[in-house]
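**Q** Below are the sequence and a predicted model for it; my questions follow.
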Amino acid sequence: MGVGDFTLVRPIYLELYPVWMGRVKNKVEKDEQSDTFRHFHIQLWVSEKKEARNERELFHDCWLSKWKCNLTNPKQWVNISSILFS
């Protein structure tokens, strides 16, 4: 997994979002003394369905829709154990 790669992340709310798409923004922290050990920054992306009235509709069949960068919350620290595929 390298900087700029897209990856799928296992989110907290599995009942609504089975996976989430993100873009890797930095390398995984390997320093065991760091508070962010085994974490990296990910830029989350969201489905772009203009006709969706709620989150359930927004993410229903989301793999068939276009996606855009989530500018509201652009980067988050994610534990490497949350990655499903890379």
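**A** Noted; the coordinates are in hand.

**Q** residue ranges with poor pLDDT in the chain?
**A** 11-18, 84-86 (pLDDT under 70).

**Q** looking at it, which residue lies furthest from center?
**A** Residue farthest from the centre of the chain, counting by Cα atoms, centre = their mean, is residue 33 at 25.3 Å.

**Q** Now the element after the longest strand along the chain, going C-ward?
**A** When the chain is parsed with DSSP state E, its longest strand is strand 39-47. Using DSSP states H and E, the next helix or strand after strand 39-47 towards the C-terminus is helix 55-59.

**Q** and the helix or strand harbouring residue 78, which strands flank it?
**A** For residue 78, the enclosing helix or strand under DSSP H and E is strand 75-79. Strand 75-79 has the following strand partners under DSSP bridges: strand 39-47 (antiparallel).

**Q** who's in contact with the partner strand?
**A** Contacting residues not belonging to strand 39-47 are listed as 6-7, 9, 20-29, 58-59, 62, 65-70, 73-80 [Cβ atoms under 8 Å, 6 or more residues apart in numbering]. For glycine as for every other residue, the C-beta is placed from the backbone atoms N, C-alpha and C.

**Q** likewise stretch 65-80?
**A** So stretch 65-80 is in contact with 9, 21-23, 25, 28, 36, 38-49, going by Cβ under 8 Å, 6+ apart.

**Q** Of those residues, keep whichever come out buried.
**A** 9, 21-23, 28, 39-47, 49 (16 or more other Cβ atoms under 10 Å).

**Q** Among the residues you listed, which pair sits farthest apart?
**A** By the measure Cβ to Cβ, 28 and 49 form the most distant pair in the buried ones among the contacts of stretch 65-80, at 32.0 Å.

**Q** quick one: the longest strand of the chain to chain centroid distance?
**A** 4 Å (Cα atoms, centre = their mean, to the nearest Å).

**Q** Put the alpha carbons of it into CSV.
**A** Taking Å, rounded to 0.1, in the frame of the first residue of the first chain, the C-alpha atoms of strand 39-47 are listed here in CSV:
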residue,chain,number,x,y,z
HIS,A,39,-1.9,4.1,11.7
PHE,A,40,-1.9,6.3,8.6
HIS,A,41,-3.8,9.2,7.2
ILE,A,42,-6.6,8.4,4.8
GLN,A,43,-8.6,10.8,2.7
LEU,A,44,-12.2,9.5,2.7
TRP,A,45,-14.4,9.6,-0.3
VAL,A,46,-18.2,9.6,-0.5
SER,A,47,-20.8,8.5,-3.0
